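**Q** Build the 3D model from these lines:
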Amino acid sequence: MASRTKPERILCVAQSFPRIEALEAAIRESGYSLLLAFTADHAVAACVNSEFAAVVLDAELVRGEGEALAEALKLIRAKLPVLLIDHRKDPARKDVLPKGVDAVVVDRSPAAVIAELKALLANHQIARTG
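**A** Numbers count the residues shown, from 1 in each chain. Modelled structure (predicted):
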């Protein structure tokens, strides 16, 4: 596998740092660069000003913002993969994605999120080059 010269950047959006502290460490340990956003406005501004390989959204923030954040991010960067972490642990929810969301992970463990993020990025890469 060829080494990357620049790590892929991930935008992680959550209501508070303690909620995503372990996930932040796992994302960085997986070789990604990370920007944290704690509000929908900050996430939108980040997407306007920077490019990201993917966005990881905390479902609690998305619901708190009227589930419009994923849609807003897609208006800025239409092909940006968006992964939703849903803390309700309802496996059936994976079949009903909010508009703008590309994948849902119902297990919020860092390992599960990283696995789903890698799968999402791989699928996105295949779609772009395929």
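
**Q** In contact with the residue nearest to the spatial centre of the chain: list those residues for me.
**A** Note on the chain: the residue nearest the mean C-alpha position is residue 56, at 1.6 Å, using C-alpha atoms, centre = their mean. By C-beta atoms under 8 Å, 6 or more residues apart in numbering, residue 56 lies in contact with 10-13, 23, 27, 83, 85, 113, 117. Where C-beta positions appear, they are placed from N, C-alpha and C, glycine not excepted.

**Q** buried residues in whichever helix in the chain runs longest?
**A** Longest helix in the chain by number of residues, with DSSP state H as the criterion: helix 110-129. For helix 110-129, the neighbour count (16 or more other C-beta atoms under 10 Å) marks 110, 113-114, 116-117, 120-121, 124 as buried.

**Q** Which strands or helices does it pack on?
**A** Applying 3 or more C-beta pairs under 8 Å, 6 or more residues apart in numbering; DSSP states H and E, we find helix 110-129 packed against helix 17-29, strand 54-58, strand 82-85, strand 103-105.
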